[in-house]
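Undergrad: sharing a sequence plus its predicted fold:
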Amino acid sequence: MFPFRAVSPKDVRTLIDRASKEADTFVITVHDGQVTHTGGDDGPAIHRKRLDGQLDLIADVAKDIPDMRVVYSAQDTPSTIISYDQRQELSQGVENNEYVPLARIKSDNQFTGWLASCSYNSPLRQHGYDPIPVEDIDWAEKTFIVDHLKSMDMCAHPELIPQHGLLAGLRLQRGTDPLSAKFAISKTLAHADVLGVPTERFTEASTVSPIPWAEKNGDRLLWRGANTGIWHKERNHWRGTHRLRLMSLTNAYDGVARVIGPQVKGTVGQATVDAPLDKLNEQHVDIAFVGEPIQCEESDGSCAEIKENYAFRGRVTPDDMDHAKYLIDVDGNAWSARFQRLMLSGSLLLKSTVMPEWFSDRIQPWLHYVPVKVDYGDLYDALVFFKGNDALAKEIAENAREWTEKFYRREDMVAYAFRLYLEWARLQAEDRDAASYTYDEKDELERK
């Protein structure tokens, strides 16, 4: 939302009008505390479900929100990329307390693909990337995620682009977009969509009774899901993207992986051993697709290849998941809607993603969950380590449940959306200064 501070209220309203006319959107309007909507009623049922989710979040607080309109994409993916130069000009406008005319915030075809959104001295702009993913992992280079948010930055980590379906399947030849006043329920760090609060698969903590750690009988990392993440056709280089990569690695019978042994003293090199992949997978993972191949091109053989070459097994129940000590959460076509429910399971959750979420600056990797790289080069190291440190795995799993019970409740989602809409209403208000609030200690209320 920061760039819109450099756009005049009139121009913000113009951008809202433009966005409201786009396909696959719905508009929520607050006027005199009453909520109405347009769009979202036609099309796939999931679009209506997403509209209903946003209406539910705003229902209890609409009376305290100034008049405003908000346009949401009904899709699960983000759509707006503005150029680095546009972003810099808007940032400069905010810093100088000046408005940037809309005529200067337009599409830019000077650069195509993702690199247009990156700074001139970024690794992606300086060195580019190979659009064909390397399916094999470089086991010789041992790295782990220190800052999960920074690890999602494709400008700093160009190798993410061919490794993740959302990044590999889009934007390869397109220029940037003009600034759009559109909210999305997921985004990458490169996108300029305003990030909202998705409600899909939200689960009340009171409905989940975690299995005590000592009673969990699943000692292998468990995951089931569909082969989403990209449209699987030959020109999209899908074989090395995130879900297919996970499947190839964890069902391999040939080759070795370099793994850091548990509780071994000395340097990383001294602690690293070669382990046969078939033994690692047999002992540590139970990962497979379910159903039939989807999102694939029949005519070029992609569907048949997926069905023949990748593991498909039976579905598992939520109870099966809750009995597993180790779970992994990975992106699909966009963000993963499973995360909140999995955090309530009392299991150790590993997470691989390029999609920051509304709570990303409130949660702590390595305390509440285990971050895993998109290429999964650290996956076996994490599993071996925590199997050798069962008490620590249990502690993180319990931290996850406690954090989710306290900070990922419906009221937390409502509070975040409320603050988001207050600022959005201010940005489009006729008199932005009058609509602004300056903190005064006298306004504080004591909790009763």
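TA: Great, that's in hand.
Undergrad: now stretch 283-296: buried residues?
TA: His284, Val285, Asp286, Ile287, Ala288, Phe289, Pro293, Gln295, Cys296 (16 or more other C-beta atoms under 10 Å). Bear in mind the C-beta positions are built from the backbone N, C-alpha and C, glycine included.
Undergrad: gap between the two ends of it?
TA: 31 Å (C-alpha to C-alpha, to the nearest Å).
Undergrad: what of stretch 315-325?
TA: Stretch 315-325 end-to-end distance (C-alpha to C-alpha) = 18 Å.
Undergrad: over to stretch 299-318?
TA: 36 Å.
Undergrad: just how off-centre is the one helix or strand in the chain whose mean pLDDT sits lowest within its chain?
TA: Of all helical and strand segments in the chain, the minimum by mean pLDDT, DSSP states H and E falls on helix 268-271, at a mean of 77. With C-alpha atoms, centre = their mean, to the nearest Å as the basis, helix 268-271 stands 33 Å off its chain's centre.
Undergrad: packing partners of it?
TA: With contacts taken as 3 or more C-beta pairs under 8 Å, 6 or more residues apart in numbering; DSSP states H and E, helix 268-271 sits against no other helix or strand.
Undergrad: if you count neighbours, what's buried in that helix?
TA: Those would be Ala271, for helix 268-271 by 16+ other C-beta under 10 Å.
Undergrad: show me the contacts for Asp130.
TA: Pro162 (C-beta atoms under 8 Å, 6 or more residues apart in numbering).
Undergrad: got the phi and psi for it?
TA: The phi/psi pair for Asp130 (degrees, to the nearest 10) reads phi -90, psi 120.
Undergrad: just use 8 as the starting number from now, easier for me
TA: New numbering, starting at 8: the last item is Asp137.
Undergrad: now Gln290: how far from Leu390?
TA: 9 Å (C-beta to C-beta, to the nearest Å).
Undergrad: skipping adjacent residues, who's closest to the residue nearest the centre of the chain in space?
TA: The centroid of the chain falls nearest to Met362 when counting by C-alpha atoms, centre = their mean (2.5 Å). Spatially, and ignoring its direct neighbours in sequence, Met362 is nearest to Trp342 (4.1 Å; C-beta to C-beta, 6 or more residues apart in numbering).
Undergrad: wait, what's in contact with the one you found?
TA: Trp342 neighbours (C-beta under 8 Å, 6+ apart): Asp83, Ile192, Ser193, Pro205, Thr360, Met362, Glu364.
Undergrad: so the third one, which state does it fall into?
TA: Following DSSP: H, G, I helix; E, B strand; the rest coil, we place Ser193 in the coil state.
Undergrad: returning to that earlier point: what residues does the least confident helix or strand of the chain touch?
TA: Lys149, Ile267, Gly268, Val271, Lys272.
Undergrad: helix or strand right after it?
TA: Using DSSP states H and E, the helix or strand that follows helix 275-278 in sequence is strand 279-283.
Undergrad: for that following strand, buried residues please.
TA: Neighbour-count burial for strand 279-283 [16+ other C-beta under 10 Å]: Thr279, Ala282.
Undergrad: just checking, what packs against it?
TA: strand 263-267.
Undergrad: run the last query once more with 10 Å
TA: Judged by 3 or more C-beta pairs under 10 Å, 6 or more residues apart in numbering; DSSP states H and E, strand 279-283 is in contact with strand 263-267, helix 284-291, helix 386-394.
Undergrad: quick one: which of the ones you listed is nearest Arg25?
TA: For Arg25, the closest of those is helix 386-394, at 43.5 Å, according to C-beta to C-beta.
Undergrad: tilt between that closest one and strand 279-283?
TA: 110 degrees (axes from the mean of the first three to the mean of the last three C-alpha atoms, to 10 degrees).
Undergrad: how near is Ala441 to Pro73?
TA: For Ala441, the distance to Pro73 - C-beta to C-beta - is 10 Å.
Undergrad: so between the two, which is more surrounded?
TA: Pro73 (16 against 8; other C-beta atoms under 10 Å).
Undergrad: for that one, which residues are in contact?
TA: Val37, His38, Asp39, Gly40, Tyr428, Leu429, Trp431, Ala432, Arg433, Gln435, Ala436, Ala442 (C-beta atoms under 10 Å, 6 or more residues apart in numbering).
Undergrad: the stretch 258-407 of the chain: strands as residue ranges?
TA: Ranges of strands in the stretch 258-407 of the chain, per DSSP state E, counting those that start in this stretch, are 263-267, 279-283, 292-296, 333-337, 355-359, 377-378.
Undergrad: cool, and the stretch 8-157 of the chain?
TA: Going by DSSP E, counting those that start in this stretch, the stretch 8-157 of the chain shows strands at 32-38, 41-46, 75-80.
Undergrad: if we can go back for a sec, pLDDT and distance to Ala52 added to the contacts of Trp342, as TSV?
TA: Shown next, in TSV, are the contacts of Trp342 (pLDDT from 0 to 100; distance: C-beta to C-beta, whole Å):
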residue	pLDDT	distance to Ala52
Asp83	96	13
Ile192	98	16
Ser193	98	19
Pro205	98	16
Thr360	99	26
Met362	98	23
Glu364	98	24
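Undergrad: out of those residues, which is nearest to Ser255?
TA: Nearest member of those to Ser255, counting by C-beta to C-beta, is Thr360, at 18.9 Å.
Undergrad: show the pLDDT at the nearest residue to Glu241 once chain neighbours are set aside.
TA: Spatial nearest neighbour of Glu241, excluding adjacent residues (C-beta to C-beta, 6+ apart): Asp307 at 4.7 Å. Here, the pLDDT recorded for Asp307 equals 96.
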